[in-house]
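**Student:** pasting the structure only:
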């Protein structure tokens, strides 16, 4: 049990920050200011992997005790959720990879089958050909359903993460692959990275997944589904890392939406278009993947223009 008078908040935060990253920061900064009986979202403590310790995620629930008129008491309930988050990330990474390997060509097959059914089948008089086309359509439907079931329900066993090193010299090729896979054609790239031998602790596949998700979001939210994307990469010498910035000309989000975008299952398109494609896990998973590599994620509106 914690009493604000017994363990001052700055001292507690200083102690936690020595060993963990406290997310979301704003919630951690104000958790003691809330009424003891107020409902509280879970807080997270994250420790990146080091040479001597594996990465760790802890979920912290602040439970308010009955207010006795004196200083309110708080109980912190801390639970190790490392395995849960890793399994979710592994499942999401698997789904993203499989969706591009299977679902993308399958989309072409289903499109062709739809054309046959809509435009060609009514003009065909040969009963045998009609039977073959009907069988083709039904088989395509079954295949499509099976692939979607795999993507929807696939679960990947949690395996210890192996150290990964992504060279910045690989970035142009990965950007091109992500753009081609998402249909992005209007792409301006500025790679102001002078240290080509710089590495970040992510796999090439993870970097491609991150860029693919960001490009897909840009397409999905753009009013005409044809965004103009600017991507830049600059060195952060102080942290021996890279700042990757992706900008589009789509929509402007409200301050409330900007605060929510990194949370699981939040879907801005519900309020923007009324449509809900996907589960709203993409950005939250990106944030966790970047955090596990020791980085940070943020989003802001383009100043003076949509995007």
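**Tutor:** Looks like it arrived, so ask away. Bear in mind that the values here come from a model prediction, so they are computed numbers and not experimental data. Numbering: from 1, shown residues only.
**Student:** Let me see the ranges of the helices in the protein.
**Tutor:** Counting by DSSP state H, the chain has helices at residues 9-19, 25-30, 82-98, 104-115, 127-153, 171-182, 204-221, 255-260, 268-272, 282-292.
**Student:** Would you format the ones you listed as CSV with distance to residue 49 and mean pLDDT included?
**Tutor:** Every C-beta, even on glycine, is put in place using the N, C-alpha and C of the backbone. Formatted as CSV, these follow (distance: least, CB to CB, whole Å; pLDDT from 0 to 100):
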stretch, distance to residue 49, mean pLDDT
helix 9-19, 13, 68
helix 25-30, 21, 74
helix 82-98, 11, 74
helix 104-115, 32, 79
helix 127-153, 29, 74
helix 171-182, 23, 92
helix 204-221, 14, 88
helix 255-260, 28, 82
helix 268-272, 31, 47
helix 282-292, 7, 80
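**Student:** With distance to residue 300 and mean neighbour count as new columns, can those helices be given to me in CSV?
**Tutor:** What follows is the helices of the chain, written out as CSV (distance: least, CB to CB, whole Å; neighbours: other CB atoms under 10 Å):
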stretch, distance to residue 300, mean neighbour count
helix 9-19, 24, 12
helix 25-30, 15, 14
helix 82-98, 24, 17
helix 104-115, 31, 13
helix 127-153, 32, 12
helix 171-182, 21, 17
helix 204-221, 14, 21
helix 255-260, 7, 13
helix 268-272, 14, 15
helix 282-292, 14, 21
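**Student:** between these, which gets nearest to residue 301?
**Tutor:** helix 255-260 (7.4 Å; CB to CB).
**Student:** list the helices and strands the closest one packs on?
**Tutor:** helix 268-272 (3 or more CB pairs under 8 Å, 6 or more residues apart in numbering; DSSP states H and E).
**Student:** let's see 6 Å
**Tutor:** The criterion is 3 or more CB pairs under 6 Å, 6 or more residues apart in numbering; DSSP states H and E, and there are no helices or strands that helix 255-260 contacts.
**Student:** burial of residue 23, as a residue count?
**Tutor:** 18 (other CB atoms under 10 Å).
**Student:** Out of the helices of the chain, the one nearest residue 231 is which?
**Tutor:** Using CB to CB, the helices of the chain put helix 171-182 closest to residue 231, at 6.4 Å.
**Student:** Contacts for that closest one next, please.
**Tutor:** Outside helix 171-182, the residues that touch it by CB atoms under 6 Å, 6 or more residues apart in numbering are 100, 187, 207-208, 211-212, 215-216.
**Student:** that older thread, distance to residue 121 added to the helices of the chain, as CSV?
**Tutor:** Formatted as CSV, the helices of the chain follow (distance: least, CB to CB, whole Å):
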stretch, distance to residue 121
helix 9-19, 65
helix 25-30, 57
helix 82-98, 31
helix 104-115, 10
helix 127-153, 6
helix 171-182, 31
helix 204-221, 31
helix 255-260, 45
helix 268-272, 34
helix 282-292, 37
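**Student:** Can you name the residues bridging to the closest residue to residue 189 other than its chain neighbours?
**Tutor:** Distance criterion CB to CB, 6 or more residues apart in numbering; nearest residue to residue 189, sequence neighbours excluded, is residue 231 at 5.1 Å. Applying DSSP bridges to residue 231 gives these bridge partners: residue 189, residue 246.
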